[in-house]
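# Quick one, structure for this:
(one chain, ligands or ions: 1)
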Amino acid sequence: MSHSAEREAAGSAIAATTGNRAPRRVGVIGGTRYFGRHLVSLLRDAGAEVTLVNRGSAPPPPGVDHVRADRDDEDALTAALGDRTFDAVIDQVLYTPAQAVVARRVFADRTPRYVMTSTMEVYDPATSPLVRTTPGVPVTEEAVDPAHWPVDLDLPWHDPAALVRHFGEATAYAEGKRQAEAVLAAGRPPFGWASVRSAHVLGGGALDFTGRLAHFTGAVAAGRPVAVHEQPQPTSFVRHEEIAAALVAVAASSSVCAVNAASAEPLDAVGLSELIAGQLGTTARYRPAEGADHAPFSFDRWYPMDTRRAGSLGLSFSPLGSWLPAAVAEAAAAITAEATTTEATITIAGKDV
Ligand SMILES: NC(=O)c1ccc[n+]([C@@H]2O[C@H](COP(=O)([O-])OP(=O)(O)OC[C@H]3O[C@@H](n4cnc5c(N)ncnc54)[C@H](OP(=O)(O)O)[C@@H]3O)[C@@H](O)[C@H]2O)c1
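Below is the predicted model:
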């Protein structure tokens, strides 16, 4: 997206949310890679004074204040923030209830508004017996209610390796997010909180450090079989610029809730592979998934998200078909750029990219 198009997206996202204006002073925890970078520049370009908090792996973009601190170190974070206060804080890297406890204390008197970037993984029924989904029915926010979700602060939240040993990786991530939301919502929160439950984020080519769309695109382009479940279930996706704009819009609103953020149309791993193959002018090949050996976005359980609450808040997400082909083209271009040393080239619809 061009600079002016991003600025326009920020403006319309903010206007769409109950006519609110962008918060003037915004803290962003994280914000140094992928859609976090979009988020920071959208806010800045919408006229906000942005403070970026990270441990220093990357400097903020021009015009953005920088606080270096580890968000897990309460004393260091408090000291580094000094006397800064905000109209809103957007927390991109809130993963555990222990971090949420610290955030509540550190930001209680610094902001009236706290927005957490959460994930659709909170709905994965494989990671909690308390989550129930009905095949064919998109999952609404009520399926995981932060106000009533049990929190266990005695689990080893400060020790990622111990947490993964206890839960397994997927459950550690999903349950950490659920319980972090629950801590924000508990009792009488010191600020108006919101949790934006993001679908799988796609687009941006090499910007997408997760490499998942590149995995698909590379496999289909090379004729490698994609490992899919016997009856792959669809999942939800969102465009990288649109999740950034949604976070800005939710920060500008006063809604206290969790909200699903996704394009409305779910897609499964075969549908994604076929779309890529169509664009590359080739044929997708498949092999059966075996245990943990399966392609990203291949699922054997149902939890695509319902997006009606987002609509009622004025958030809008483009139809999947309107942006996914461009995201695939960007992934293919990034692979080709990376592979120039091996002289590999991916062809899209007869044109080299
Ligand atoms: N990608 C997806 O498909 C997807 C889907 C759903 C949800 N999400 C959510 O999106 C969020 C990540 O967004 P993003 O990748 O664009 O990240 P981001 O906003 O750029 O945040 C990542 C940055 O946060 C900083 N950070 C990490 N731990 C920190 C700590 N303890 N203290 C201070 N700073 C810290 C790191 O910089 P330093 O190393 O310098 O500290 C890192 O570069 C996560 O909450 C994730 O659950 C992603």
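# make it CA atoms for all contacts and neighbour counts henceforth
Fine.
# what about the helix or strand where Ala172 lies and the ligand, any contact?
Element membership of Ala172 [criterion: DSSP states H and E] is helix 169-185. No. Helix 169-185 stays out of contact with the ligand when judged by CA under 6 Å from any ligand atom, the minimum separation being 7.6 Å.
# Do a quick rundown of the helices in this protein.
In chain order, the chain shows helices spanning 3-16, 34-45, 74-81, 97-107, 160-167, 169-185, 212-222, 240-252, 269-280, 308-312, 320-338, with DSSP state H as the criterion.
# of all the ones you listed, which lies closest to Trp302?
Closest approach to Trp302 among those is made by helix 269-280 (12.7 Å; CA to CA).
# So for that closest one, mean pLDDT?
Confidence over helix 269-280, taken as the mean pLDDT, stands at 97.
# ok and that helix relative to helix 320-338, angle-wise?
With axes from the mean of the first three to the mean of the last three CA atoms, to 10 degrees defining the directions, helix 269-280 sits at 60 degrees from helix 320-338.
# And helix 269-280, what's buried?
For helix 269-280, the buried set under the neighbour-count rule, 16 or more other CA atoms under 10 Å, comprises Ala269, Val270, Leu272, Ser273, Glu274, Leu275, Ile276, Ala277, Gly278, Gln279, Leu280.
# So which elements touch it?
helix 212-222, strand 226-228, helix 320-338, strand 347-348 (3 or more CA pairs under 8 Å, 6 or more residues apart in numbering; DSSP states H and E).
# how far out from the middle of the chain is that helix?
Centroid separation for helix 269-280 versus its chain: 23 Å, with CA atoms, centre = their mean, to the nearest Å.
# what does the stretch 151-300 of the chain have sitting close to the ligand?
Proximity of the stretch 151-300 of the chain to the ligand (CA under 6 Å from any ligand atom) is limited to residues Ser198, Ala199, His200, Val201.
# can you name the two of those that are farthest apart?
Using CA to CA, the pair of these lying farthest apart is Ser198 and Val201, separated by 7.4 Å.
# wait, what's in contact with the residue nearest to the spatial centre of the chain?
With distances taken as CA atoms, centre = their mean, the chain has Ser198 as the residue nearest its mean C-alpha position (4.4 Å). Applying CA atoms under 8 Å, 6 or more residues apart in numbering to Ser198 gives the contacts Thr117, Ser118, Thr119, Met120, Val238, Ile243, Asn260, Ala261, Ala262.
# repeat that with 10 Å
Residues counted as contacts of Ser198 (CA atoms under 10 Å, 6 or more residues apart in numbering) are 117-122, 236-238, 243, 246-247, 259-262, 305.
# Make a ChimeraX selection of whichever of the residues of the stretch 151-300 of the chain next to the ligand turn out to be buried.
Here is the ChimeraX command that selects only those of these that count as buried (16+ other CA under 10 Å):
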select :198,199,200,201
